[in-house]
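Engineer: Any chance you can model this:
(2 chains)
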Amino acid sequence: GNSVTQMEGPVTLSEEAFLTINCTYTATGYPSLFWYVQYPGEGLQLLLKATKADDKGSNKGFEATYRKETTSFHLEKGSVQVSDSAVYFCALITGFQKLVFGTGTRLLVSP
Amino acid sequence: EAQVTQNPRYLITVTGKKLTVTCSQNMNHEYMSWYRQDPGLGLRQIYYSMNVEVTDKGDVPEGYKVSRKEKRNFPLILESPSPNQTSLYFCATAEIGGRGTEAFFGQGTRLTVV
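Structural biologist: Okay, here's the model as predicted:
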């Protein structure tokens, strides 16, 4: 079936370090891909998305490129801040509005 | 302001005591869904609804019920809660149709069943 695999966390970085969180997927057809972020005590909110191969989603300094050949959608940021500490979920849409989530990756950024 | 409102935010209850978690949205979205979030398992869909009076099972529906009598509300009902339903629950809504449609989430309900 359709699934999303994320790297296990926590990912611990110092402020201004480079961030990569890996995400790969298995899906039939051509899914849309998302990264959602969950700040402490809050619900999920959309961080960025890409709807077709080679699309790059970007927001708040984060980027991810839809790579069909490697079935990947890795999240990157050039310089993380303490305020980026959160849990990040990779997700895809299959069929009609059915979101499939990865298990989430916790990011901890220290000053 | 676009909002998805869940209540309560926190709930501790005893095994077998029926409870309802409410979800309300002000975006006029047809689609609404419930998820539970558990460590190491991510978010798993419980039930979803495409429109009023239209509901369907997600991946983990056992032990839950839902109803959609009006567009804005989608309550989650636990008729006889058990400890394995201790979890963090999220309601989500989205517009129907189109690739890349954003889902909007409530702030979550942390349920503990003892």
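Engineer: Can you show me the strands along the chain?
Structural biologist: Unless you meant another one, I'm taking chain A. With strands called from DSSP state E, chain A shows them at A:3-6, A:11-14, A:19-21, A:23-26, A:32-38, A:44-50, A:56-59, A:62-65, A:75-77, A:86-94, A:98-101, A:105-110.
Engineer: that's the other chain; I wanted chain B
Structural biologist: Using DSSP E, the strands of chain B run over B:4-7, B:10-13, B:19-25, B:31-38, B:42-51, B:54-57, B:65-66, B:76-78, B:87-94, B:104-105, B:109-113.
Engineer: Just give the nearest non-adjacent residue to residue B:114, would you?
Structural biologist: residue B:14 (5.8 Å; C-beta to C-beta, 6 or more residues apart in numbering or on different chains). Using the backbone N, CA and C atoms, a C-beta is placed for each residue, glycine as well.
Engineer: now residue A:33
Structural biologist: Here the residue nearest residue A:33, using C-beta to C-beta, 6+ apart, is residue A:73, at 4.4 Å.
Engineer: which residues of the chain score low on pLDDT?
Structural biologist: You didn't pick a chain, so chain A it is. Residue ranges of chain A with pLDDT under 70: A:95-97.
Engineer: Wait, chain B was what I had in mind.
Structural biologist: Applying pLDDT under 70 to chain B flags residues B:96-100.
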